[in-house]
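# What follows is a predicted protein model with its sequence.
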Amino acid sequence: MRGTILYGPRDVRFEEREIPKIIKPTEAIIRISATCVCGSDLWPYRGINPVAQPTRMGHEYCGIVEEVGSAVKSIKPGQFVIGSFFASDNTCPNCQIGYQSSCQNRELVNTAQASVLRVPLADGTLVATPDVPSDGLIPSLLTLSDVMGTGWFAADAANVKPGSTVAVVGDGAVGLLGVLSAKQMGAERIIAMSRHNSRQKLAREFGATDIVTERGDQGVARIQELTNGIGADSVLECVGTQESMMQAISSTRPGGYVGYVGVPHGVELNGEQLFYAHVHLHGGPAPVRRYLPELIGLVWNRKINPGKVFDLTLPLDQVAEGYRAMDERRAIKTLLRP
Ligand SMILES: [Zn+2]
């Protein structure tokens, strides 16, 4: 079998490696139908997160179950399944209240850019679709493994409700799907912050009513202007930089909510500024597993089409070009088919 390995900055290789096998009886082996490159994969790819040794890559996946361990009860060979980047038992106290990405037994799944994948805690982690999907549904189902679930969590954490005014900081795949999520949750006004034409277009298609191209303080001023000097009810932070986090907090009305899902890189909050901002902050690694049943239903019934964020599809053995295209912002998100 071949899989993706990152050797160092901008050095992605697709190489022969051992086929994963079941180690613990709670695991499953799945044959990958589709995987993709995540915006967060670009941090190590660009050398911002150091790469100490050759590292297997990929945490977004869906595919057909090939084999299950002896303790697996609900997942069966032949099923089409989707799982999250954190495997979870779905039974511990944190899972029970819907925070599966804080599961007491969580395990990172991070070798998915390959043709075969071992998934820990299969019963708790994997959710099967009603049937094996047609090929056209696979891109949208794949997004539920991370980006769509993360955009949905951002909107949920930001308390988006019918009639809300929402601002979305970040026009990557997560930000764009945050727009779609806010729309689906009934937001009346959705302000997308983007300066890229193709991304603005997709944001509008997903439900954005306004586009703000300014950033930083000017971006905040523009949001204030669009909301009669009050700020947005809900702001989705989908980048993870100091500038984007401050932009999100400052764009939120007193009493409003920030849902932050961009993995923070060097973000430091000033206590006094936070004190006087009067906003709710809620975020973190999205509990994607919580949303899988509902989101599978929405995709299955063609209510949402989040797969549109994939503007580049490549065979898996061209994964290096998939990273390059995203790094150079030629692609929003790359879908990889084994
Ligand atoms: Zn758990």
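Structure's in. What do you need?
# Once you drop chain neighbours, what's closest to the residue nearest the centre of the chain?
What sits nearest the mean C-alpha location of the chain, by CA atoms, centre = their mean, is Val147, with 2.2 Å. With sequence-adjacent residues excluded and distances taken as CB to CB, 6 or more residues apart in numbering, Val147 is closest to Ala173, at 4.7 Å. (Each C-beta comes from the backbone N, C-alpha and C, glycine too.)
# Check which element follows the least confident helix or strand in the chain by mean pLDDT along the chain.
Per-element confidence for the chain was summarised using mean pLDDT, DSSP states H and E. The lowest value among helices and strands belongs to helix 42-45, with a mean of 93. Tracing the chain past helix 42-45, the next element assigned as helix or strand by DSSP states H and E is strand 55-56.
# which secondary structure elements does the very next helix or strand once past that following strand contact?
Sequence order places strand 61-68 as the next helix or strand after strand 55-56, per DSSP H and E. Packed against strand 61-68, as judged by 3 or more CB pairs under 8 Å, 6 or more residues apart in numbering; DSSP states H and E, are the following elements: strand 28-36, strand 80-83, strand 116-119, helix 138-143.
# mind running it again at 7 Å?
Applying 3 or more CB pairs under 7 Å, 6 or more residues apart in numbering; DSSP states H and E, we find strand 61-68 packed against strand 28-36, strand 80-83, helix 138-143.
# Now do it: distance to the chain's middle.
Between the mean C-alpha point of strand 61-68 and the mean C-alpha point of its chain there is a distance of 20 Å (CA atoms, centre = their mean, to the nearest Å).
# what's the neighbour count on Glu253?
Quick fix: residue 253 reads Arg, not Glu. For Arg253, the neighbour count with other CB atoms under 10 Å is 21.
# Helix, strand, or coil at it?
strand (DSSP: H, G, I helix; E, B strand; the rest coil).
# List the contacts of the residue nearest to it when sequence neighbours are not counted.
The spatial neighbour of Arg253 that comes closest, neighbours along the chain excluded (CB to CB, 6+ apart), is Gly231 at 3.6 Å. Shown here is Gly231, whose contacts under the criterion CB atoms under 7 Å, 6 or more residues apart in numbering are Ile223, Gln224, Ser251, Thr252, Arg253, Gly256.
# that older thread, deepest-packed of the helices and strands packed on strand 61-68, please.
Stretch with highest mean neighbour count among these: strand 80-83 (a mean of 26; mean count of other CB atoms under 10 Å).
# just checking, what packs against that strand?
Here strand 80-83 is seen to pack against strand 61-68, strand 127-128 when contacts are counted using 3+ CB pairs under 7 Å, 6+ apart.
# try it again with 8 Å
When contacts are defined as 3+ CB pairs under 8 Å, 6+ apart, strand 80-83 packs onto strand 28-36, strand 61-68, strand 127-128, helix 138-143, helix 288-300.
# Now do the fourth one, average pLDDT.
In this model, helix 138-143 has an average pLDDT of 98.
# Which residues of the stretch 101-250 of the chain lie near the ion?
Residues of the stretch 101-250 of the chain found near the ion (CB under 5 Å from the ion) are Cys103.
# repeat that with 6 Å
For the stretch 101-250 of the chain, the residues found near the ion under the criterion CB under 6 Å from the ion are Cys103, Gln104, Asn105.
# among those residues, which ones are buried?
When burial is judged by neighbour count using 16 or more other CB atoms under 10 Å, the buried members of these are Cys103, Asn105.
# hmm, back to that, and the gap between the residue nearest to Val147 and the ion?
Separation of Ala173 from the ion (CB to the ion, to the nearest Å): 27 Å.
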